[in-house]
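Asks: Give the three-dimensional model of this entry:
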Amino acid sequence: VEGRYAETFKRVAKLDKKAGPFDALFCVGVFYGEDKSVPAAPIPTYILDGEAGEIAENVTALGSCGATTIEERKGGAGAKHLSVAFV
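Replies: Predicted coordinates:
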């Protein structure tokens with residue numbers, strides 16, 4: 001993403017309408033750019049960067065390593081729970 005939040009989230013929203021619905025978006029690698037003010041994401045978005053916690057509406061940082069369970073997105077593809085490990 002490298003700070004290109006609007007461009008990325010616009011593509012995700014378009015893809016979600018065309019081929020979705022998707023339950024979640026995982027962003028790995030460099031997420032932030034110089035501007036760290038992240039807008040709301042169109043679907044639940046998880047990043048593997050920084051301290052764990054909510055970054056913006058629908059954007060959650062998972063931290064650098066661990067495990068979590070992601071709940072179903074209302075109107076999503078139907079995955080009730082997704083257990084994720086990340087390193």
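
Asks: Could you give the number of residues near Arg73?
Replies: 18 (other Cβ atoms under 10 Å). Where you see a C-beta, it was placed from the backbone N, CA and C, and this is true even at glycine.

Asks: Could you pull out the helices in this structure for me?
Replies: Assigned helices in the chain, in chain order: 5-19 (criterion: DSSP state H).

Asks: In it, where is pLDDT below threshold?
Replies: Across the chain, the ranges flagged by pLDDT under 70 are 75-79.

Asks: Please give the centre-to-centre distance between stretch 23-32 and its chain.
Replies: How far stretch 23-32 lies from its chain's middle: 5 Å, per Cα atoms, centre = their mean, to the nearest Å.

Asks: Can you give me the first-to-last residue distance of it?
Replies: End-to-end span of stretch 23-32 (Cα to Cα, to the nearest Å): 22 Å.

Asks: quick one: buried residues of it?
Replies: Under the neighbour-count criterion of 16 or more other Cβ atoms under 10 Å, stretch 23-32 has 23-25, 27, 31-32 buried.

Asks: swap in stretch 54-62?
Replies: So stretch 54-62, judged by 16+ other Cβ under 10 Å, has buried residues 55, 58-62.

Asks: Export only the CA atoms of that stretch, formatted as CSV.
Replies: C-alpha atoms of stretch 54-62 as CSV (Å, rounded to 0.1, in the frame of the first residue of the first chain):
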residue,chain,number,x,y,z
GLU,A,54,-7.7,-0.2,15.6
ILE,A,55,-6.1,2.3,13.1
ALA,A,56,-9.2,3.6,11.4
GLU,A,57,-12.8,2.4,10.7
ASN,A,58,-12.5,-1.2,9.3
VAL,A,59,-8.6,-1.1,9.6
THR,A,60,-6.9,-3.1,12.4
ALA,A,61,-3.2,-3.6,13.0
LEU,A,62,-2.5,-7.1,14.2
